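**Q** From the sequence below, what's the structure:
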Amino acid sequence: MAHLNILGMGVALVTPFTQNKEIDYPALKRVIDHVMDNGADFLVALGTTGESPVLSIHERKAIKNFIKEKTAGKIPLVLGVGGNNTAEIIRELKEDDLSGYSAILSVVPPYNKPSQEGIYCHFKAITEASPVPLILYNVPGRTGVNMTADTTLRLAREVPGIIGIKEASGDIHQIQRLLREKPDDFTVLSGDDGMTYPLMTLGAQGVISVLGNAYPKEFSEMVHLCLEGNYIEAVDYHYKFRDIIRLLFTDGNPAGVKCVMHDMGLIENELRLPLVPVSENTASEILHWVKVLK
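**A** Alright, predicted model coming up:
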């Protein structure tokens, strides 16, 4: 399997809903156009930000195909394919049509808390079944278990087809070790908007972003300045977005970014249960910062 270089600012696309909680495809098209026209380097479909846990298998397939059709090969696409049932993921990878997608993004299995050996065997098995390369996703705050640097490095060195990781552990020491010891062709991407700048100064090569749904141009500019080594100019963007990034996650993701995008006229402020819109107080704080950023 040929190596694929995914770097820069990727956007973890939201899934817009109508007031009746149906998928809002015209709004999804607006979001796709918005991020593609304003500097996104690649798109991630059906990740956590896309509320994939509350989508049916038929809805996920429809969204996957819609994004492929509307982007028309103009930008690399990454598809979220994960879970805690290894055999089911393998079946999905073997049966589904992944044409048009450059890679899959797969999260550490949540809830059943596998050992490090279990995590290694899980990712090895699904990589061997996947027709496209795999990007690991480590987010212990959601999954309940951290994939250690030892396990990530072992996968990077031993399993062909694993090309990178979205790292959202928040453990700077762990991520520094990854950056120092990883293979040259293994990409480390920030999984946390607020840590993107500091991680890129240490050698990370980009981000899979929530903020990029709303502010793709400015956040992409920061990421590309970092890729060029221009950290002095990039830090201004880091501090510009610091407060709103914190607020976006106060009442959970993607509730915060959907509040911003609704104010921008891109989507309805709708989520599916068990997620709900941000509180009135949080919305007021978010929209204050939206005005400041204009």
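**Q** drop to CA atoms for contacts and neighbour counts, all remaining ones
**A** Will do.
**Q** Could you pull out the buried residues of the helix or strand that contains residue 180?
**A** Using DSSP states H and E, residue 180 maps to helix 172-181. The neighbour-count check on helix 172-181 (16 or more other Cα atoms under 10 Å) flags 175, 176, 178, 179 as buried.
**Q** any idea how far the last one lies from residue 164?
**A** Applying Cα to Cα, to the nearest Å, one obtains 11 Å for the distance of residue 179 from residue 164.
**Q** same thing with the first one?
**A** Per Cα to Cα, residue 175 is found 13 Å from residue 164.
**Q** just residue 65 next, same as before
**A** Applying Cα to Cα to residue 65 and residue 164 gives a distance of 24 Å.
**Q** Who has more neighbours out of the two?
**A** Of the pair residue 65 and residue 164, residue 164 is the one with more neighbours under other Cα atoms under 10 Å, namely 26 against 16.
**Q** Let me know how buried the residue nearest to that one when sequence neighbours are not counted is, in neighbour terms.
**A** With sequence-adjacent residues excluded and distances taken as Cα to Cα, 6 or more residues apart in numbering, residue 164 is closest to residue 187, at 4.3 Å. By other Cα under 10 Å, the residues close to residue 187 number 25.
**Q** ok, now residue 270?
**A** Residue 270: 21 neighbours (other Cα under 10 Å).
**Q** likewise residue 152?
**A** When neighbours are counted by other Cα under 10 Å, residue 152 registers 22.
**Q** can you pull the contacts of it?
**A** Contact analysis of residue 152 by Cα atoms under 8 Å, 6 or more residues apart in numbering lists residue 178.
**Q** how about the strands of the stretch 51-200 of the chain, start to end?
**A** Remark: strands assigned in the stretch 51-200 of the chain by DSSP state E, counting those that start in this stretch are 77-80, 103-107, 134-138, 162-167, 187-190.
**Q** Of those, flag the one that's most buried.
**A** strand 187-190 (a mean of 27; mean count of other Cα atoms under 10 Å).
**Q** average pLDDT for it?
**A** Averaged over strand 187-190, pLDDT sits at 98.
**Q** Stretch 223-231 now?
**A** On average, stretch 223-231 scores 98.
**Q** Can you mark which positions in that stretch are buried?
**A** By 16+ other Cα under 10 Å, the buried positions in stretch 223-231 come out as 223, 224, 225, 226, 227, 231.
**Q** still on that earlier bit, which residues touch the helix holding residue 180?
**A** Here helix 172-181 makes contact (Cα under 8 Å, 6+ apart) with 148, 149, 152, 153, 167, 188, 202, 203, 204.
**Q** Can you list the low-confidence ranges for the chain?
**A** 1-5 (pLDDT under 70).
**Q** 90 - rerun?
**A** The chain contains residues with pLDDT under 90 at 1-5, 294.
**Q** all helices of it, in order?
**A** 25-36, 57-71, 86-95, 116-129, 140-143, 149-158, 172-181, 196-201, 216-227, 231-248, 255-263, 280-293 (DSSP state H).
**Q** closest one to residue 45 among the ones you listed?
**A** Residue 45 lies closest to helix 57-71 among these, at 6.7 Å (Cα to Cα).
**Q** how about the helices of the chain in JSON lines, adding distance to residue 48?
**A** As requested, the helices of the chain are exported to JSON lines (distance: least, Cα to Cα, whole Å):
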{"stretch": "helix 25-36", "distance to residue 48": "16"}
{"stretch": "helix 57-71", "distance to residue 48": "12"}
{"stretch": "helix 86-95", "distance to residue 48": "16"}
{"stretch": "helix 116-129", "distance to residue 48": "18"}
{"stretch": "helix 140-143", "distance to residue 48": "10"}
{"stretch": "helix 149-158", "distance to residue 48": "21"}
{"stretch": "helix 172-181", "distance to residue 48": "21"}
{"stretch": "helix 196-201", "distance to residue 48": "18"}
{"stretch": "helix 216-227", "distance to residue 48": "18"}
{"stretch": "helix 231-248", "distance to residue 48": "14"}
{"stretch": "helix 255-263", "distance to residue 48": "12"}
{"stretch": "helix 280-293", "distance to residue 48": "21"}
